[in-house]
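Enquirer: Quick one: sequence and predicted model below, then my questions.
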Amino acid sequence: MSGSSAGPSDAPPRATLADVARLAGVSSKTVSRVMTGDTNVSPHTRERVMLASKRLRFRPNDLARNLRRGGVSNTVAFVIGDIRNPFYFNVAAGVEKELAKHGLTMLLASTEDAPQSEAGVVDALLSQRVRALLIVPVADDQSYLEGESQLGTPVICVDRPAHNLVADSVVLQNRIGTADAVRSLISSGHRKIGFICSPAGLYTHQERLAGFREALFEAGITDPSRYERVGDTDGPTAEESVRDLMSMDDPPTAIIGGNNRASAGVVRELFMEDRRVAFIGFDDFVLADALHVSVVAYDPIEMGRRAAQLALSRIDNPSAPPQHVEIPTTLIARGSGEIPAADVP
């Protein structure tokens, strides 16, 4: 049928090294020497080869050449969790910027926070002979990476440490951040403080919950679980947890959101129901500043940058002791977390 658009199968084949050699009137070996920067090729011949290459839009396959030599690519893989979470994109931006300084590129893949998909996603990336692997662990066991690590591929765990694997890691000061939020609320007179987050099994959430409990015990509050709502992924939403807490005979006067998604849900419920409750969220999120939401913040780009630096350091010194880096958190007061307990109905 006339007028139909060309599909992928109609595209012309890519030029090969042999095509460049024919157009330049030289051997394939000479073209290969030019492409690899061999200085023993005359300037005239080099110019002919480069001109032919440009006319044919020839692009050398650096990965294939490196693999034939038994080497690795100039790519570092980064396996993130849920691709819809903006946290991961900010971390990835930091990784990419740092790698670019050293002539490396980033290959991004997602497990969608599904533990059963982690090993498959990682295996597909490792088959590309990546220079290093950065991973946000979601499965309960990363021992399957032991063999790859022994073969010299650096494995860097981001946001959470590995299980059953000795590896470098970069995480947040989760306990300190949550404890700071609790102490701030207590200084405003709050004693009945809720904590909402899921899923409960994640390292980050366990650490934040531990910091929550430690700060309450420090203040002499010995029943922290009374206002805790920490469940599974398919459990109650943050909005439902808020409604559950506020329906209690003696509801909390303050709430802490354990991550950006929980915080967004809590804020949505509080605003829609016009509930006056002090609130602090762990993780900054979109419009939090405009809504005057107090948060425990940190620099995700710095986390990515440090993760990339760990990978580069491990490439240079494979036998060095494993490093564990903690990114500091900061409590940002914007108004919602500073509501005094006396002002809560």
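Expert: Done, it's in.
Enquirer: Next, name the residue at the spatial heart of the protein.
Expert: Of all residues in the chain, the one closest to the mean position by Cα atoms, centre = their mean is Tyr88, 3.6 Å from it.
Enquirer: backbone phi and psi for it, please?
Expert: The phi/psi pair for Tyr88 (degrees, to the nearest 10) reads phi -70, psi -30.
Enquirer: now it, nearest residue through space, not along the chain?
Expert: With Cβ to Cβ, 6 or more residues apart in numbering as the criterion, Tyr88 has its nearest non-adjacent residue at 4.1 Å, and that residue is Ile80. Glycine gets a C-beta too; all of them are placed from N, C-alpha and C.
Enquirer: The one you found and Ala162: what is the separation?
Expert: 15 Å (Cβ to Cβ, to the nearest Å).
Enquirer: now do Met248
Expert: Note on Met248: its distance to Ala162, by Cβ to Cβ, is 39 Å.
Enquirer: Then Asp343?
Expert: Asp343 is 45 Å from Ala162, where distance means Cβ to Cβ.
Enquirer: In three-state terms, how would the nearest residue to Pro137 once chain neighbours are set aside be classified?
Expert: Counting by Cβ to Cβ, 6+ apart, Pro137 lies nearest to Arg160, which is 5.0 Å off, once chain neighbours are set aside. Secondary structure assignment for Arg160 (DSSP: H, G, I helix; E, B strand; the rest coil): coil.
Enquirer: tell me the domain ranges of this protein?
Expert: In the assignment given by automatic domain parsing, the structural domains of the chain cover 13-60, 75-171+300-327, 174-297.
Enquirer: Now do the same for the first one: mean pLDDT, whole number.
Expert: Confidence over domain 13-60 (mean pLDDT, whole number) is 87.
Enquirer: Check the last one too.
Expert: Confidence for domain 174-297, expressed as mean pLDDT, is 94.
Enquirer: can you give me the end-to-end distance of that domain?
Expert: Using Cα to Cα, to the nearest Å, one end of domain 174-297 lies 11 Å from the other.
Enquirer: Report the distance from it to the chain centre.
Expert: Distance of domain 174-297 from its chain centroid, counting by Cα atoms, centre = their mean, to the nearest Å, is 23 Å.
Enquirer: and what of the first one?
Expert: When distances are taken as Cα atoms, centre = their mean, domain 13-60 is centred 41 Å away from the chain's centroid.
Enquirer: need the strands for the stretch 201-345 of the chain, in chain order.
Expert: Counting by DSSP state E, counting those that start in this stretch, the stretch 201-345 of the chain has strands at residues 228-230, 254-257, 278-282, 294-297, 324-327, 330-332.
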